[in-house]
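> Got a predicted model here, sequence first, then my questions.
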Amino acid sequence: MKRRDFLTALRHGPTAGGRAARVDAWTWVGGGGDRDADEWRRSFARVRGAGISGVLVGGGDTTVLGDAAHAEGLAFHRWTWMCNRNGDARVQAEHPEWFAVSREGKSSLTHPPYVGYYKWVCPTRPAVRAYLRDLVDRTAADPRVDGVHLDYIRYPDVILPRGLWGKYGLVQDRELPQFDFCYCDVCRETFRAQSGVDPLDLPDPPSNEAWRRFRWDSVTALVKECREAVHARGKAITAAVFPTPRLARRLVRQAWDEWHLDAVFPMLYSAFYLEDLPWIGTSVTEGLKALTAAGGGTSLRAGLYLPSLDPNSLIEAVEIARNAGARGVSLFDMGALDDVHLAAVQEALGA
C-alpha cells in the first residue's frame, strides 16, 4: 500500500445525513513467538473477519508477517521503538554517552527510571537522530512495509498517569529530579548556546518555558527527520502518542500536534488516568482541535486498552470515539482479543 492509498483510506468524510463516519480499526501486535506463516495467517484472518483493517506489528520476521498480513487483506505497518533502546545491545555497548541523563545526573542506561527496560537515548544529539532516522528509513525501504509506526518517540515519563502512581509507590504532584530528563552535556550546551543559561542553573527548571520548549522541539526535530525519510520512500508514517497534546507535553515532552504525520494513535487508556469512558471523547475532540490549528492533514485513531474494557464498554468506547470525530480506533493488543471482545469489535464496526 503506497502512502497515497493509505491517505485515501484515511480520509472518508461524514456519511449521508450528517451521521458520524464509519470508523476503521487497527491493532497493535507483538510479532515475537514461534508461530509459523500459516499460524500468522490464521491469526490475521481472525481479526480481519471482525472488521480490523490494519496491524501495527513489532518484532518478528518482516517477510513472514508482512506476507501473512497482506494475504489476509490487512495493511502492515512496522511498530518501531524509537528513543527507548532497551533491546539495542549495540548502542548500549558502543554509545553509552547517547543515553539521557536525569536532573540528578544519572544515565538512564545505568539507572533506568521506574522499570529496568526504560533505557532512553537523547533526541537532541545529532548522532542519535541520524541513527534513528536510518532505522526508520531501512524499515520503510522494505517493499512489504506499508508504513512505519513510531512508539516511545518522547522522553521518559516525568509524571506518570495518576492511575499508575500507586503501582510505583509515588505521588508525582511535581516534576521530581530522578524522572526529569535530559540534562546530558549536549542538551546543556545546546540550550546554553540558545538561551545563555545552563538548565541546571535555572532556579526551577520544570517551570522554565524555554527549557520545556527546547525538549518539545528536540523530539519534533527527530520526528521531522524520520517523516521526511519515510515519505521519501512513498510510505505512511504514524505514531503512538500520549492522550492529548496538553497531557503529552506535560508528561512526556511530546508536542505531537506539531508533527504533521499521516496519522496519530493517542493512547486513550482511560483507566490509567482514573477517567471514565466519556473522557475518550473529550480527548479526541481536544486532539483534533489541536491538529486542525497546526494545519491539519493528520488523522486520529483512538487507542483503546482492552484489559480495562469489557465487551460492552469496548462497544461504547468505539461509539464515543466515532462521535467525537476519530477516523478509527486501535486496540492494544491482538493477544487480548478473545472471542467475546472480537465479537464486540465486529458489532461496533458494523462489519
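Thanks, I have the structure now.

> need the helices for the protein, in chain order.
Residue ranges of the helices in the chain, as given by DSSP state H, are 3-10, 37-49, 62-71, 89-94, 126-141, 165-168, 185-195, 209-232, 245-252, 278-293, 311-324, 339-349.

> would TSV of those helices with mean neighbour count and mean pLDDT be doable?
In this view, the C-beta of every residue, glycine as well, is placed from N, C-alpha and C. Formatted as TSV, those follow (neighbours: other Cβ atoms under 10 Å; pLDDT from 0 to 100):
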stretch	mean neighbour count	mean pLDDT
helix 3-10	16	65
helix 37-49	17	97
helix 62-71	19	98
helix 89-94	12	98
helix 126-141	18	98
helix 165-168	11	96
helix 185-195	15	98
helix 209-232	19	98
helix 245-252	20	98
helix 278-293	19	98
helix 311-324	20	98
helix 339-349	18	97
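
> chain center to stretch 183-190: distance?
Centre-to-centre, stretch 183-190 and its host chain are 26 Å apart (Cα atoms, centre = their mean, to the nearest Å).

> And the contacts of it?
Applying Cβ atoms under 8 Å, 6 or more residues apart in numbering, the contact partners of stretch 183-190 are 97, 99-103, 105, 122, 124-125, 198-200, 214-215, 218.

> Report the spatially nearest residue to residue 325, omitting neighbours in sequence.
residue 288 (5.2 Å; Cβ to Cβ, 6 or more residues apart in numbering).

> Going by neighbour count, which of the contacts of stretch 183-190 are buried?
Taking 16 or more other Cβ atoms under 10 Å as the criterion, what is buried in these is 97, 99-103, 122, 124-125, 199, 214-215, 218.

> among the residues you listed, which two are most distant?
Spanning the widest gap among the buried ones among the contacts of stretch 183-190 are 97 and 214, at 19.5 Å by Cβ to Cβ.

> my guess is residue 163 contacts residue 308, does it?
No. Counting by Cβ atoms under 8 Å, residue 163 does not reach residue 308; the two are 9.4 Å apart.

> so what's in contact with these two at the same time?
residue 271.

> contacting residues for the residue at minimal distance from the centre of the chain?
Central residue of the chain (Cα atoms, centre = their mean): residue 240, 1.5 Å from the mean position. Each residue near residue 240 by Cβ under 8 Å, 6+ apart is listed here: 28, 56, 79, 149, 150, 151, 265, 267, 303.

> check contacts around residue 220.
If you count contacts by Cβ under 8 Å, 6+ apart, residue 220 has them with 255, 258, 259.

> What sits closest to the first one if chain neighbours are left out?
By the measure of Cβ to Cβ, 6+ apart, the closest residue to residue 255 outside its immediate chain neighbours is residue 216, 4.2 Å from it.

> and what of the last one?
Excluding its sequence neighbours, the residue lying closest to residue 259 (Cβ to Cβ, 6+ apart) is residue 223, at 4.7 Å.

> The one you found and residue 85: what is the separation?
Noted for residue 223: a distance of 17 Å to residue 85, by Cβ to Cβ, to the nearest Å.

> what does residue 218 give?
Remark: distance between residue 218 and residue 85 (Cβ to Cβ) = 16 Å.

> same check, this time on residue 125
Going from residue 125 to residue 85 by Cβ to Cβ gives 12 Å.

> and if you look at residue 334?
From residue 334 to residue 85 the distance is 24 Å (Cβ to Cβ).

> Tell me which of these two has more neighbours.
residue 85 (25 against 22; other Cβ atoms under 10 Å).

> and the more buried one, what does it touch?
Going by Cβ under 8 Å, 6+ apart, residue 85 touches 91, 92, 99, 119, 120, 121.

> out of the contacts of residue 240, which one sits closest to residue 250?
Minimum distance to residue 250 across the contacts of residue 240 is 14.9 Å, recorded for residue 267 (Cβ to Cβ).

> what's around that closest one, how many residues?
By other Cβ under 10 Å, the residues close to residue 267 number 20.

> and if you look at residue 164?
Residues lying near residue 164 (other Cβ under 10 Å) number 17.

> Spatially nearest residue to residue 87 (excluding sequence neighbours)?
The shortest distance from residue 87 to any non-neighbouring residue, by Cβ to Cβ, 6+ apart, is to residue 81 (7.3 Å).
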